[in-house]
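Novice: Can you look at this prediction? I've put the sequence above it.
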Amino acid sequence: MLSNMSENSPLRVLFFAHETTWSGAPIQLFHLVSWLKRAGWEVAVAVPKPETAESGPISAELQRAGVPTGLISNSM
C-alpha cells in the first residue's frame, strides 16, 4: 500500500479521542498530534460532542494549533 503513495505527498492520519479533558491520554494525544503536524503530516482528530462529559478544553487547543477536528457521533 505504501508503494502507491507519492514521495511528495505528506502522510495522513486520523486520530479518535475518547475524551478531550485535561487528563493523561488526551494530553499525550495533543502533544503527538501537534508534533506530527509540525513535522509536516496531515492530521485530524475526531472528538466527542461539546455537550458530553467526555468533551473538554483539548478540543479547543487542537483547533487553536490548526488541527482539524470532527465530532464523534454516538448514534450507532
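Specialist: Good, I have the coordinates.
Novice: longest strand anywhere in the chain?
Specialist: strand 42-48 (DSSP state E).
Novice: can you pull the contacts of R64?
Specialist: For R64, no contacting residues are found, by C-beta atoms under 8 Å, 6 or more residues apart in numbering. To be clear about C-beta, it is placed using only N, CA and C from the backbone, and glycine gets the same treatment.
Novice: Please renumber the chain so that the first residue is 816 from this point on.
Specialist: Renumbered: residue one is now 816, and that last one reads R879.
Novice: quick one on the thing from earlier: just checking, what packs against the longest strand of the chain?
Specialist: Secondary-structure packing of strand 857-863 (3 or more C-beta pairs under 8 Å, 6 or more residues apart in numbering; DSSP states H and E): strand 827-831, helix 839-853, helix 873-879, strand 884-887.
Novice: which one of the ones you listed is the most hemmed in?
Specialist: Among these, helix 873-879 has the highest mean neighbour count (mean count of other C-beta atoms under 10 Å), at a mean of 17.
Novice: Excluding chain neighbours, give the residue nearest to the residue most central in space within the chain in space.
Specialist: For the chain, the residue nearest the mean C-alpha position is V860 (2.4 Å; C-alpha atoms, centre = their mean). Spatial nearest neighbour of V860, excluding adjacent residues (C-beta to C-beta, 6 or more residues apart in numbering): F830 at 4.7 Å.
Novice: Tell me the spacing between that neighbour and E822.
Specialist: Look at F830 and E822: by C-beta to C-beta, to the nearest Å, they are 24 Å apart.
Novice: Could you do L886 as well?
Specialist: On the measure of C-beta to C-beta, L886 and E822 end up 34 Å apart.
Novice: how about low-confidence regions in this protein?
Specialist: 816-821, 889-891 (pLDDT under 70).
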